[in-house]
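Asks: How does the following fold in three dimensions:
(2 chains)
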Amino acid sequence: MSDMNQQMTARYKNNFLKEIEEQAEMGDWVKMCMQCGVCSGSCPTNFHGGWDHPPQELFMMIRAGKRDEVLSSNSMWQCVSCYNCYVRCPRKVPITHVMHGLAEYAYRLGKAPKGQPTQHLSKTFWDNATKYGRVNEVKLTQSLYFKDGIGSGIKKALEMQSMALGLVKAKRLNPMEAVGGGHKCKDLKGIHAMLAKARELEAKRKGRQPA
Amino acid sequence: MTVATNQTILVVGGGISGMTAALEAAETGKHVVLVEKNPYLGGRTAQLYRYFPKMCHPTCGLEINLRRLKANPRIQVLTMAEVTGISGTKGDYTVNLKTAPRFVNENCTACGECAKAVSGEIDDAFNYKLGKIKVAYLPHAMAYPQRYVLDPAILGTADADKAKAACKYNAIDLEQKEESVSLKAGAIVWATGWQPYNAENITPYRYGEFPNVITNVEFERLADPHGPTGGKILRPSDGKEAKNIAFIQCAGSRDENHLRHCSRFCCMGSLKQTHYVQEKYGDEGKSTIYYIDIRAIDRFEDFYAKVKANPNVSFVKSKVARISEDKDGNPVCWGVNTEGYVRYSNPHDMVVLAVGMEPSVKGVDIPAEVMADSSGFIMADPANAGIFGAGCATNALDVNRAVQSATAAALRAIQVVNKVARAEA
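Replies: Numbering: from 1, shown residues only, chains lettered A, B, ... in the order given. Have a look, this model is predicted:
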């Protein structure tokens, strides 16, 4: 159990709804759900399976205090951010954002399912983008392709070869980015300071130890 | 000629609420002018097949009200009239009205010869445009006043002459023009009712695109023997008997994207309409109600319990997310059932959207300063002075509650004109 998980379990005891309201981004919207099911029914991933729990069920589980089941659910990682649920929700619950908030919180607590591809992408993208303030496409693609080892990475790269060449031709991809750090934003110090400040403010708002 | 003084109560809207307010006030001895936009009284109540919970016919209650009205010399009824302006204050209003020409005068005996003589057709507004009627028409069988109407489209056509020639009573007057009238009134009861929420706005339900997706008010007309199908529940696309019908609750209501409020009558309306399916098709008629929660308000819980016990009616706790259409023209309801979180895609012969009530005052300029709530209903507010809302202009109400609301409004209006009378005595 991670430190933060221990800390939060102790703080909120059996009140998981309150924990989500205070700790997960947009979590205070969960109580607004009236269980109509329009979100789940509107989800484009809906009939392909792969979801442990549709959003309305996840919201009900939060209210029912099913902490472990919710935090280790794969559902919030399946969201494709199409925003169908959000625009159609009769209560205007920002469901897409709540799902992302839940995913992020579960990850921080170390409860998120391990090796989940969306999670891997999010983490890789975040690290890549915050390091130099710009996304390095070559390095991002590399780390995604070679996630499951060298063999599958090479195979994937060869499959996507023509698209990569097209992107290079259209000047959307620069192969030179693979060398050194690639392009950076002008004020690297500034952006790192901004991120640090944001983390500090978030920790203060949520009553956590600064990370 | 309409005679009115500042002791007159003006009632705007001649539906069940307006008729009630007018009658209650007139029966206490007050002078009342009742203004109605349509060529007949009764409003949306006249367009219902049956009432809940007793399953009796609204025509019966309307008939009683019409008898009271005909027996009362203190009510003047103006049909095809609209209020265009209100000036003055409580106890001393001047109201401007605009009356549209009916092209038929008091000589009309409702013999129907004019309608037989003409051939032009227009949309049947009384039947929610589900059918066509002749350009010379009686709005509906029970219409009061029992007089024909000529649609303005008839002017300048051969039908106009045919109608005139067919009339044995010299009742057709093609020279009638729109008129402006100005009246005095001490108090005003605003009872302009409601309109069904425009289902086309709920885009995932494809109303207006899929012919077999209809609204609850249209379903009333399909079930009514005076309706466009003679009371047979037939689906619009191919005239096939619709025996497997889905009802979708909260179609527009309780939805921040559409109507914020609960429209209150639609749960009971759909529960009532399952009786129509049972009545027409017996055990072959199947109804499915898709709902968030059933709001059978107060004493109607028994009615809900009875419908629930009917094996031909099933309940799915889920708001349908979207509707598609299969190759046979069946609407297919898609969603996730909250009981068990099971995904479904169910084909039906027809889908009835239980659309909610939008106040007809919303977006319409009442030509006076009147307070409205966030849904557009008129609020009971002292700032409204001598103008009182009644019935569905004030809230989403069923007929029973609309009548109560109208009686309350009549009492408030009476108090205003009583004060005027005392001051003048």
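
Asks: Just the helices from chain B, written as ranges.
Replies: Along chain B, counting by DSSP state H, helices occupy B:16-26, B:58-70, B:113-117, B:158-166, B:216-223, B:266-281, B:301-309, B:399-424.

Asks: Now do the buried residues in the last one.
Replies: Which is helix B:399-424. By neighbour count on 16 or more other Cβ atoms under 10 Å in any protein chain shown, the buried set for helix B:399-424 is B:399, B:401-403, B:405-410, B:412-414, B:416-417, B:419-420. Every residue, glycine included, has its C-beta placed from N, CA and C.

Asks: elements contacting the helix or strand of chain A with the lowest mean pLDDT?
Replies: Using mean pLDDT, DSSP states H and E, helix A:137-145 stands out as the lowest-scoring helix or strand of chain A, at a mean of 87. Applying 3 or more Cβ pairs under 8 Å, 6 or more residues apart in numbering or on different chains; DSSP states H and E, one finds that helix A:137-145 makes contact with helix A:117-132, helix A:150-159.

Asks: Pairing-wise in the sheet, spell out the partners of B:V336.
Replies: Beta-bridge pairing for B:V336 (DSSP bridges): B:R343.

Asks: which parts of stretch B:360-374 are buried?
Replies: For stretch B:360-374, by 16+ other Cβ under 10 Å, it's B:S360, B:V361, B:I366, B:A368, B:V370, B:A372.

Asks: swap in stretch B:245-259?
Replies: So, applying 16+ other Cβ under 10 Å, buried residues of stretch B:245-259: B:245-255, B:258-259.

Asks: contacts with chain A among the residues you listed, please.
Replies: With Cβ under 8 Å from any Cβ of the partner chain as the criterion, the buried residues of stretch B:245-259 include B:C250, B:R254, B:D255, B:H258 near chain A.

Asks: Could I get the contacting residues of the residue nearest to the first one when sequence neighbours are not counted?
Replies: Spatially, and ignoring its direct neighbours in sequence, B:C250 is nearest to B:I292 (5.5 Å; Cβ to Cβ, 6 or more residues apart in numbering or on different chains). Residues touching B:I292, when contacts are defined by Cβ atoms under 8 Å, 6 or more residues apart in numbering or on different chains, comprise A:M34, A:Q35, A:C36, B:Q249, B:C250, B:R254, B:K317, B:K319.

Asks: cool, B:N212 as well?
Replies: Listed by Cβ under 8 Å, 6+ apart, the contact partners of B:N212 are B:R235, B:P236, B:S237, B:A242, B:E325, B:G329, B:N330, B:P331, B:D349, B:M350, B:V351.

Asks: What parts of chain A come near chain B?
Replies: So chain A meets chain B at A:34-38, A:40-42, A:46-47, A:53-54, A:56-57, A:87-92 (Cβ under 8 Å from any Cβ).

Asks: now with 6 Å?
Replies: Residues of chain A lying close to chain B by Cβ under 6 Å from any Cβ of the partner chain are A:Q35, A:C36, A:G37, A:V38, A:S40, A:G41, A:S42, A:P54, A:E57, A:P90, A:K92.

Asks: how about TSV for the ones next to chain A among the buried residues of stretch B:245-259, with distance to B:F388 and pLDDT added?
Replies: What follows is those, written out as TSV (distance: Cβ to Cβ, whole Å; pLDDT from 0 to 100):
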residue	distance to B:F388	pLDDT
B:C250	30	97
B:R254	27	96
B:D255	29	96
B:H258	28	96
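
Asks: Going by distance to chain A, which of these wins?
Replies: For those, the residue nearest chain A by Cβ to the nearest Cβ is B:D255; the value is 3.8 Å.

Asks: can you give me the strands in chain A?
Replies: Taking DSSP state E, chain A contains no strands at all.

Asks: Could you measure from B:D123 over to chain A?
Replies: As for B:D123, its distance to chain A is 32 Å (criterion: Cβ to the nearest Cβ, to the nearest Å).

Asks: Tell me, how many residues neighbour that residue?
Replies: Neighbour count for B:D123, taken as other Cβ atoms under 10 Å in any protein chain shown: 13.

Asks: excluding its backbone neighbours, what's nearest it?
Replies: B:K129 (4.4 Å).

Asks: Repeat that for B:T28.
Replies: B:I414 (6.0 Å).

Asks: closest point of chain A to chain B, which residue?
Replies: For chain A, Cβ to the nearest Cβ, closest residue to chain B: A:G41, 2.5 Å.

Asks: returning to that earlier point: burial check on the residue nearest to B:D123, number of neighbours?
Replies: B:K129: 13 surrounding residues under other Cβ under 10 Å.

Asks: Residue ranges in the chain under the pLDDT threshold?
Replies: In the absence of a named chain, this looks at chain A. Where chain A drops to pLDDT under 70, the residues are A:1, A:46-50, A:210-211.

Asks: Actually, chain B is the one I wanted.
Replies: B:1-2, B:362-365.

Asks: quick revisit: of all the helices of chain B, which one is nearest B:G193?
Replies: helix B:16-26 (6.6 Å; Cβ to Cβ).

Asks: And that closest one, what does it pack against?
Replies: Judged by 3 or more Cβ pairs under 6 Å, 6 or more residues apart in numbering or on different chains; DSSP states H and E, the packing partners of helix B:16-26 are strand B:8-12, strand B:31-35, helix B:399-424.

Asks: which ones are touching A:Q78?
Replies: If you count contacts by Cβ atoms under 6 Å, 6 or more residues apart in numbering or on different chains, A:Q78 has them with A:T45, A:W51.

Asks: For B:V399, give its distance to B:K164.
Replies: 39 Å (Cβ to Cβ, to the nearest Å).

Asks: Longest helix of chain A, counting residues only.
Replies: Every helix in chain A considered (DSSP H), the longest is helix A:188-205.

Asks: Now do that one against helix A:117-132, angle only.
Replies: Here the directions of helix A:188-205 and helix A:117-132 differ by 130 degrees (axes from the mean of the first three to the mean of the last three Cα atoms, to 10 degrees).

Asks: any idea how far helix A:188-205 is from the chain center?
Replies: In this view, helix A:188-205 has its centroid 19 Å away from the chain centroid, taken as Cα atoms, centre = their mean, to the nearest Å.

Asks: cool, stretch B:194-209 as well?
Replies: The answer for stretch B:194-209 is 17 Å, by Cα atoms, centre = their mean.

Asks: That stretch: end-to-end distance?
Replies: 24 Å (Cα to Cα, to the nearest Å).

Asks: does any bit of it sit next to chain A?
Replies: No. Using Cβ under 6 Å from any Cβ, stretch B:194-209 never reaches chain A; the gap is at least 7.0 Å.

Asks: Name the residues of that stretch that are buried.
Replies: B:W194, B:Q195, B:P196, B:Y197, B:A199, B:I202, B:P204, B:Y205, B:R206, B:Y207.

Asks: Looks like the third one contacts B:V217 (just checking).
Replies: Yes. Look at B:P196 against B:V217 with Cβ atoms under 6 Å: they come within range, at 4.9 Å.

Asks: Give me the common contacts of those two.
Replies: With Cβ under 6 Å, 6+ apart, B:P196 and B:V217 have no common neighbours.

Asks: does B:A402 really touch B:S17, like I thought?
Replies: Yes. The criterion here is Cβ under 6 Å, and B:A402 meets it with B:S17 at 4.7 Å.

Asks: what does chain B put close to chain A?
Replies: Residues of chain B lying near chain A (Cβ under 6 Å from any Cβ): B:R254, B:D255, B:E256, B:I292, B:S318, B:K319, B:A321, B:W334, B:G335, B:V336, B:T338, B:Y341.

Asks: and the fifth one, what does it touch?
Replies: Read that as B:S318. B:S318 makes contact with A:G37, B:Y290, B:G335, B:N337, B:T338, according to Cβ under 6 Å, 6+ apart.
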